[in-house]
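# fold the following.
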Amino acid sequence: MATAYIMIACDFGQEERILEELKGIDRIKEVHGTEGHYDIVAEVQSRTTDEINTTVSEKIRRIDGVRSTLILVAQC
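Presented below is the predicted three-dimensional model:
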């Protein structure tokens, strides 16, 4: 099982809507609002890191209002 934490920067005022939309994505296990450069952190679990990359590129980055993402793959 592969786990990654996705840091997500959003357009101003879009954080709550994006957070709710993220909750509907199958591989996302948890989402939390944050303070700082990134607005949301999402925990993604999948069988492979390739599936995580697909989730980020085809689902998360396509959400209207998502400005940028940073993928942190867990090693332990």
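
# list the helices and strands the host helix or strand of R17 packs on?
For R17, the host element (DSSP states H and E) is helix 15-22. Under the contact criterion of 3 or more Cβ pairs under 8 Å, 6 or more residues apart in numbering; DSSP states H and E, helix 15-22 touches strand 2-10, strand 28-33, strand 40-46. C-beta coordinates here come from the backbone N, C-alpha and C atoms, glycine included.

# report the buried residues of that helix.
Of all the residues in helix 15-22, those buried under the rule 16 or more other Cβ atoms under 10 Å are 15, 18-19, 21-22.

# now distance to S57 too, for these, in a markdown table please.
Below are those laid out as a markdown table (distance: Cβ to Cβ, whole Å):
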| residue | distance to S57 |
| --- | --- |
| E15 | 21 |
| I18 | 16 |
| L19 | 19 |
| E21 | 16 |
| L22 | 15 |
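
# let me have those in JSON lines, extended by distance to T48 and pLDDT.
Output for the buried residues of helix 15-22, formatted as JSON lines (distance: Cβ to Cβ, whole Å; pLDDT from 0 to 100):
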{"residue": "E15", "distance to T48": "29", "pLDDT": "98"}
{"residue": "I18", "distance to T48": "25", "pLDDT": "99"}
{"residue": "L19", "distance to T48": "26", "pLDDT": "98"}
{"residue": "E21", "distance to T48": "24", "pLDDT": "98"}
{"residue": "L22", "distance to T48": "20", "pLDDT": "99"}
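
# now, which of these sits nearest T49?
Distance ranking of the buried residues of helix 15-22 against T49, using Cβ to Cβ, places L22 first at 19.1 Å.

# check contacts around the closest one.
Contacts for L22 were tallied using Cβ atoms under 8 Å, 6 or more residues apart in numbering; they are 8, 28, 31, 40, 42, 60, 63.

# the fifth one touches C10, doesn't it?
Right, A42. No - counting by Cβ atoms under 8 Å, A42 stays clear of C10, with 11.7 Å between them.
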